[in-house]
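Chemist: okay, predicted coordinates and the sequence, questions at the end:
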Amino acid sequence: MQLSVLALALPLAALTTSTALAQQADTPPPTPAPAAAPAPLVAPALTAPPATLFKLGLDAPRLWLGYWGVGVPLYAGVERQLGRHFSLTGDVNVGVGFGGGRRGPELQRFGGALGTRYYYGQARRLRKGKSVAALSGTYLQLQVASEFEGRLLYDYPYNQRLYRHTPSLELLWGYQRRLGRYGFMDVGAGLKLWRTDSYLYNGGTIEATRPLKLEPTLRARIGLAF
């Protein structure tokens, strides 16, 4: 009896095995999944700039040279980044005179300004695959400024002294960029609405004039930045 059962089981097992092999042979191999499309090239994002930029240099358009000596326009500024496109600016301008009968350097002018900048065109540069750095690029700026001037008028009798106060409101279009690791360049042009209060000491009397003017203004600063 056991022999007969064994005899029947062996052909059945062989049949099952052959059927499974046949099914495996008929089954097509799995189709490999399509390769993922390469990720599109992404332009470099904004580099991580210093949150605050300090600047020291010269403001070239305010340089003067004449019979009464040389005036050197010194500039110091700080710029604080606000978000991706905006910044706050604070500037100090000093004019120092040399030569022309002076016994030494003479402080002729001192002024300050507060403003805000909007940097634009960054999205276009990113689309072109160009790098974009904060506190760098094309900008629009609105600022208020105030300047004080006091100098000796050598061509007047008794060496009279002129005192002048000039407040102004300025709108500028400009471009700023870093030069190497520690340099910067800032050029621009725009309009300035200003008035001047002039006080001329003339033998004990004071004369004042207060005209209001609108005129173009230029900016060309270069120096150190850190």
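Modeler: Structure's in. What do you need?
Chemist: state the phi and psi torsions of residue 122.
Modeler: phi -70, psi -40 (degrees, to the nearest 10).
Chemist: my guess is it contacts residue 83. True?
Modeler: No: in this structure, residue 122 is not within contact of residue 83 by Cβ atoms under 8 Å, at 11.7 Å. C-betas here are computed from N, CA, C, even on glycine.
Chemist: these two: which is more packed in?
Modeler: Comparing residue 122 with residue 83 by other Cβ atoms under 10 Å, the one with more neighbours is residue 122, at 18 against 7.
Chemist: how near is that one to residue 144?
Modeler: 26 Å (Cβ to Cβ, to the nearest Å).
Chemist: check residue 173 too.
Modeler: Counting by Cβ to Cβ, the gap from residue 173 to residue 144 is 17 Å.
Chemist: what's the local residue count around residue 108?
Modeler: 21.
Chemist: what residues are up against it?
Modeler: 71, 95, 96, 97, 149, 150, 151 (Cβ atoms under 8 Å, 6 or more residues apart in numbering).
Chemist: return the distance of it relative to residue 170.
Modeler: Relative to residue 170, and taking Cβ to Cβ, residue 108 is found at 21 Å.
Chemist: quick check, pLDDT for residue 128.
Modeler: You'll see residue 128 listed with a pLDDT of 79.
Chemist: that one: how many residues sit nearby?
Modeler: Count around residue 128 with other Cβ under 10 Å applied: 8.
Chemist: for it, grab phi and psi.
Modeler: phi -90, psi 0.
Chemist: what distance do you get for it to residue 52?
Modeler: Distance from residue 128 to residue 52, counting by Cβ to Cβ: 29 Å.
Chemist: cool, residue 132 as well?
Modeler: On the measure of Cβ to Cβ, residue 132 and residue 52 end up 19 Å apart.
Chemist: nearest residue to residue 105 in space, ignoring adjacent ones along the chain?
Modeler: The shortest distance from residue 105 to any non-neighbouring residue, by Cβ to Cβ, 6 or more residues apart in numbering, is to residue 96 (5.2 Å).
Chemist: likewise for residue 60?
Modeler: residue 220 is the one closest to residue 60 (Cβ to Cβ, 6+ apart), at 4.3 Å.
Chemist: share the number of residues neighbouring that neighbour, please.
Modeler: Neighbours of residue 220 (other Cβ under 10 Å): 16.
Chemist: for residue 62, same thing?
Modeler: Neighbours of residue 62 using other Cβ under 10 Å come to 18.
Chemist: over to residue 83: give its phi and psi.
Modeler: Dihedral angles (degrees, to the nearest 10) for residue 83: phi 70, psi -150.
Chemist: for the chain, what spans make up the helices?
Modeler: In the chain, the helices defined using DSSP state H lie at 2-26, 122-127.
Chemist: comparing the ones you listed, which yields the minimum mean pLDDT?
Modeler: Across the helices of the chain, helix 2-26 gives the lowest mean pLDDT, at a mean of 49.
Chemist: and the residue nearest to residue 60, what does it touch?
Modeler: 59, 60, 61, 186, 187.
Chemist: and for residue 94?
Modeler: Neighbouring residues of residue 94 by Cβ under 8 Å, 6+ apart: 73, 74, 75, 76, 107, 109, 110, 111.
Chemist: with residue 123 instead?
Modeler: Applying Cβ under 8 Å, 6+ apart, no residues qualify as near residue 123.
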